[in-house]
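Engineer: one predicted model, sequence on top.
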Amino acid sequence: MSSRQGGKLKPLKAPKKEKTEETEEDAAFKERKKAEAAAMKAARDKALKGGPMGGGGIKKCVLRML
């Protein structure tokens with residue numbers, strides 16, 4: 001029998017991952033993802049700055065106005 005009968009058990013530690021060498025393909029992929037993230041951030045900032053898009057607003061019935 002274990003000396004610890006109840007209570008929360010500690011999680012097992014995962015073994016450390018070995019560092020792998022980066023290939024040119026990996027470097028190109030990371031660079032492409034970084035450029036894509038920068039473009040998305042720029043587009044998001046532009047969209048937030050511009051205000052409402054389309055300018056549709058609330059549509060009112062034209063017949064009621066008459």
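Structural biologist: Perfect, thanks for sending it.
Engineer: looking at this structure, which helix is longest?
Structural biologist: Assignment by DSSP state H gives helix 24-50 as the longest helix of the chain.
Engineer: secondary structure class of residue 13, three-state.
Structural biologist: Three-state call for residue 13 (DSSP: H, G, I helix; E, B strand; the rest coil): coil.
Engineer: now do it against residue 20, distance only.
Structural biologist: Distance, residue 13 to residue 20, using CB to CB, to the nearest Å: 21 Å. Using the backbone N, CA and C atoms, a C-beta is placed for each residue, glycine as well.
Engineer: residue 7: how many residues sit nearby?
Structural biologist: 6 (other CB atoms under 10 Å).
Engineer: for it, what is the enclosing helix or strand?
Structural biologist: Counting by DSSP states H and E, no helix or strand carries residue 7.
Engineer: roughly how far apart are it and residue 13?
Structural biologist: If you go by CB to CB, the gap between residue 7 and residue 13 works out to 19 Å.
Engineer: likewise residue 36?
Structural biologist: Residue 36 is 35 Å from residue 13, by CB to CB.
Engineer: what is the end-to-end distance of stretch 7-20?
Structural biologist: One end of stretch 7-20 sits 39 Å from the other (CA to CA, to the nearest Å).
Engineer: local confidence estimate at residue 23?
Structural biologist: In this model, residue 23 is scored at 89, pLDDT.
Engineer: residue 36 and residue 13 - which one has more neighbours?
Structural biologist: The neighbour comparison of residue 36 against residue 13 (other CB under 10 Å) goes to residue 36, with 10 against 6.
Engineer: and that one, what's its pLDDT?
Structural biologist: pLDDT for residue 36: 97.
Engineer: for the one 10 residues further on, same thing?
Structural biologist: On the pLDDT scale, residue 46 is placed at 86.
Engineer: how close does it sit to residue 12?
Structural biologist: From residue 46 to residue 12 the distance is 48 Å (CB to CB).
Engineer: low-confidence ranges in this protein?
Structural biologist: 1-6, 50-66 (pLDDT under 70).
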